[in-house]
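Asks: sequence? don't have it. structure:
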Ligand SMILES: [Zn+2]
């Protein structure tokens with residue numbers, strides 16, 4: 001069960017842990033322990049959004065682990081909650097309830113002004129040469145300062161606390177897919193393809209990629225998307241024009257691959273670092289829900305590629321909120337590659353390609369996805385890592401916030417999703433996405449299903 005740090009720093013822990021344990025047999029907490037985003041710190045949910053939010057590490061940074069990074073102790077220390085070391089506070093109490101603690105490091109999607117001075121140096125550069133400060137850009141996987149920080153952070157947690165393991169995640173995709181706006185995040189700016197920082201340029205050149213051609217290719221893709229959005233249908237149709245861009249600029253795909261493999265290299269390095277400290281710690285990855293909507297990101301985020309450096313995977317299969325998210329995905333995808341298809345046809349094509357059987361376009365946001373989606377995506381994940389000792393712990397939707405008019409979870413729908421995950425072959429589930437968002441009766445719905453299955 002993931003949880004923001006605000007309740008862990010401020011609330012009485014015993015009643016909260018007792019509630020999780022009693023309602024749904026929770027045995028592992030994934031704490032959003034390092035974040036510069038107020039909502040992940042749990043502060044928005046707790047009713048306060050400070051104007052000058054800082055964030056950082058909600059445990060105490062031990063500086064011997066942070067070498068060769070421009071970040072200072074002040075950059076990394078979260079000043080909120082009066083400097084309480086959340087891991088130190090919760091681990092002994094959680095243990096009483098048979099609950100293990102896993103730090104959950106979810107890459108930031110926005111960089112607050114309070115830490116921009118040094119953090120900005122670690123962020124990606126877009127194809128126009130501008131430094132990014134947030135989604136769809138983010139910290140660069142090839143920036144040595146960011147790699148050293150991340151590896152230092154995981155070593156710090158592994159050595160300094162009695163944790164059970166760790167989960168890391170990145171809710172992003174490659175710059176090309178952002179440029180095309182095939183994403184659950186609506187209205188991406190096609191001028192922000194990343195990353196063209198000095199380190200990525202060098203790595204690209206070392207791999208034999210013509211950096212300037214890649215950049216020109218992204219300029220051409222950007223123009224294609226801007227014209228599509230302006231309602232100018234390409235003479236030869238959207239799909240043909242898209243495909244022709246790839247033929248003309250294969251460097252775009254090479255740059256795409258560079259971004260994806262660089263993230264996987266960082267994940268492998270995190271895995272090796274934690275295992276070198278303590279091989280018993282379980283290391284795994286949050287997998288962004290967009291992977292389940294996009295045949296393009298599904299291709300680049302091949303779960304089989306993660307199998308060699310994972311103990312567990314948490315594919316986000318939030319079925320209730322998926323309806324609205326997929327409708328957004330369809331609308332945006334029609335601004336480029338799928339521009340020749342109606343929304344209804346686009347949805348039908350994508351559902352066929354992705355192997356889903358869901359409600360039609362006009363009803364999808366109001367109904368959400370079915371539990372069957374949870375089962376199918378869980379099974380796909382299980383089959384992707386077959387032959388490796390990797391467990392699949394899908395993230396099951398319990399009251400992930402939805403837009404106006406969209407479906408809400410009910411105890412019975414949550415119970416169906418839980419059962420579907422195990423039917424698909426899951427070895428565990430992660431009740432998602434944040435304890436403080438969940439209605440107690442819906443968490444109990446998950447517990448009821450787990451009891452029925454004999455899991456708790
Ligand atoms: Zn870079």
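Replies: Noted; the coordinates are in hand. Being a predicted model, the structure only gives us computed values, none of them experimental.

Asks: For the residue of the stretch 1-150 of the chain found nearest the ion, list the residues it contacts.
Replies: Closest approach between the stretch 1-150 of the chain and the ion, counting by C-beta to the ion: residue 140, at 3.4 Å. All C-beta atoms are positioned from the backbone trio N, CA, C, and that covers glycine. Taking C-beta atoms under 8 Å, 6 or more residues apart in numbering, we find residue 140 in contact with 122-125, 146, 194-195, 197, 199-200.

Asks: Just checking: what are the partner strands of the strand or helix carrying residue 166?
Replies: Taking DSSP states H and E as the criterion, residue 166 maps to strand 165-169. Strand 165-169 pairs in its sheet with strand 100-106 (parallel), strand 282-287 (parallel), by DSSP bridges.

Asks: helix or strand right after the first one?
Replies: In the C-terminal direction, the helix or strand that comes right after strand 100-106 (DSSP H and E) is helix 116-119.

Asks: Counting by contacts, list what the helix or strand following that next one packs against.
Replies: Counting by DSSP H and E, the element after helix 116-119 in chain order, helix or strand, is helix 144-160. If you count contacts as 3 or more C-beta pairs under 8 Å, 6 or more residues apart in numbering; DSSP states H and E, helix 144-160 packs onto strand 100-106, strand 165-169, helix 250-277.

Asks: In the stretch 251-400 of the chain, which residue sits closest to the ion?
Replies: Closest point on the stretch 251-400 of the chain to the ion, by C-beta to the ion, is residue 262, at 7.9 Å.

Asks: Quick check, that residue in contact with residue 207.
Replies: No - counting by C-beta atoms under 8 Å, residue 262 sits too far from residue 207 to count as a contact (10.6 Å).

Asks: Tell me which of the two has more neighbours.
Replies: Taking other C-beta atoms under 10 Å, residue 262 and residue 207 do not tie; residue 262 has more neighbours (20 against 12).

Asks: From residue 170, how far out is that one?
Replies: 11 Å (C-beta to C-beta, to the nearest Å).

Asks: List the buried residues in the host helix or strand of residue 352.
Replies: In the assignment (DSSP H and E), residue 352 maps to helix 343-354. By neighbour count on 16 or more other C-beta atoms under 10 Å, the buried set for helix 343-354 is 343, 346-347, 350-351, 354.

Asks: sorry, back to before: in CSV: the helices and strands packed on helix 144-160, plus mean pLDDT.
Replies: As requested, those are arranged in CSV below (pLDDT from 0 to 100):
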stretch, mean pLDDT
strand 100-106, 98
strand 165-169, 98
helix 250-277, 98
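
Asks: Get me the contact residues on the protein for the ion.
Replies: 140, 142, 195, 197, 200 (C-beta under 5 Å from the ion).

Asks: And the first one, how close does it get to residue 172?
Replies: Remark: distance between residue 140 and residue 172 (C-beta to C-beta) = 11 Å.

Asks: just the last one next, same as before
Replies: Separation of residue 200 from residue 172 (C-beta to C-beta) stands at 14 Å.

Asks: Could you do residue 409 as well?
Replies: Taking C-beta to C-beta, one finds residue 409 at 26 Å from residue 172.

Asks: ok, now residue 430?
Replies: On the measure of C-beta to C-beta, residue 430 and residue 172 end up 20 Å apart.

Asks: on that earlier part again, and the pLDDT at the residue of the stretch 1-150 of the chain closest to the ion?
Replies: You'll see residue 140 listed with a pLDDT of 98.

Asks: Do me a favour and average the pLDDT over the helix holding residue 352.
Replies: pLDDT averaged over helix 343-354 gives 98.

Asks: Now do it: distance to the chain's middle.
Replies: 24 Å (C-alpha atoms, centre = their mean, to the nearest Å).

Asks: circling back: between the residues of the chain next to the ion, which is nearest residue 8?
Replies: Nearest to residue 8, judged by C-beta to C-beta, of the residues of the chain next to the ion is residue 140 at 30.1 Å.

Asks: Give me the nearest residue to residue 134, chain neighbours excluded.
Replies: residue 110 (3.9 Å; C-beta to C-beta, 6 or more residues apart in numbering).

Asks: okay, now the one you found: neighbour count?
Replies: For residue 110, using other C-beta under 10 Å, the count is 13.

Asks: Tell me which of the helices and strands packed on helix 144-160 lies nearest to residue 336.
Replies: Here helix 250-277 is closest among the helices and strands packed on helix 144-160 (C-beta to C-beta), at 13.3 Å.

Asks: buried ones in that closest one?
Replies: 251-256, 258-260, 262-264, 266-267, 269-271, 273-275.

Asks: One more: stretch 420-431?
Replies: 420-422, 424-426, 429-431.

Asks: Cross these against helices and list the overlap.
Replies: 420-422 (DSSP state H).

Asks: how far does stretch 1-9 sit from the chain's center?
Replies: Mean C-alpha position of stretch 1-9 versus that of the full chain (C-alpha atoms, centre = their mean) differs by 18 Å.

Asks: who's in contact with that stretch?
Replies: For stretch 1-9, using C-beta under 8 Å, 6+ apart, the contacting residues are 16, 20, 24, 26, 28-33, 35, 39-43, 45-46, 58, 78, 80-81, 84, 86, 89-90, 104, 430-436.

Asks: can you check stretch 419-432 too?
Replies: Residues contacting stretch 419-432 (C-beta under 8 Å, 6+ apart): 1-2, 24, 26, 28, 30, 312, 314, 316-318, 371-372, 374-379, 381-382, 391-398, 400, 418, 438, 443, 446, 449, 452-453, 455.

Asks: Can you go through those and name the buried ones?
Replies: 1-2, 24, 26, 28, 30, 312, 314, 316-318, 371-372, 374-379, 381-382, 391-398, 400, 418, 438, 443, 446, 449.

Asks: Tell me which of those fall in strands.
Replies: 2, 28, 30, 312, 314, 391-392, 395-397 (DSSP state E).

Asks: Out of the residues you listed, which comes closest to residue 232?
Replies: residue 397 (38.6 Å).

Asks: ok, the closest one touching residue 320?
Replies: Yes - under the criterion of C-beta under 8 Å, residue 397 makes contact with residue 320 at 4.5 Å.

Asks: Quick check: neighbours shared by those two?
Replies: 409, 417.

Asks: For stretch 154-169, give me every contacting residue.
Replies: 28, 30, 33, 59-62, 65-66, 87-88, 91, 95, 100-107, 150, 267, 270, 273-274, 277-278, 281-288, 311-312, 314.

Asks: now with 7 Å?
Replies: Residues from elsewhere that reach stretch 154-169 (C-beta atoms under 7 Å, 6 or more residues apart in numbering): 28, 30, 59, 61-62, 65, 87, 91, 100-107, 267, 270, 273-274, 277-278, 281-286, 314.

Asks: buried set for stretch 22-36?
Replies: So, applying 16+ other C-beta under 10 Å, buried residues of stretch 22-36: 23-24, 26-36.

Asks: Need the nearest residue in space to the residue most central in space within the chain, chain neighbours excluded.
Replies: Here the mean C-alpha position of the chain is nearest to the C-alpha of residue 171 (C-alpha atoms, centre = their mean), at a distance of 3.1 Å. Of all residues beyond its chain neighbours, the one nearest residue 171 is residue 288 (4.5 Å), with distances taken as C-beta to C-beta, 6+ apart.
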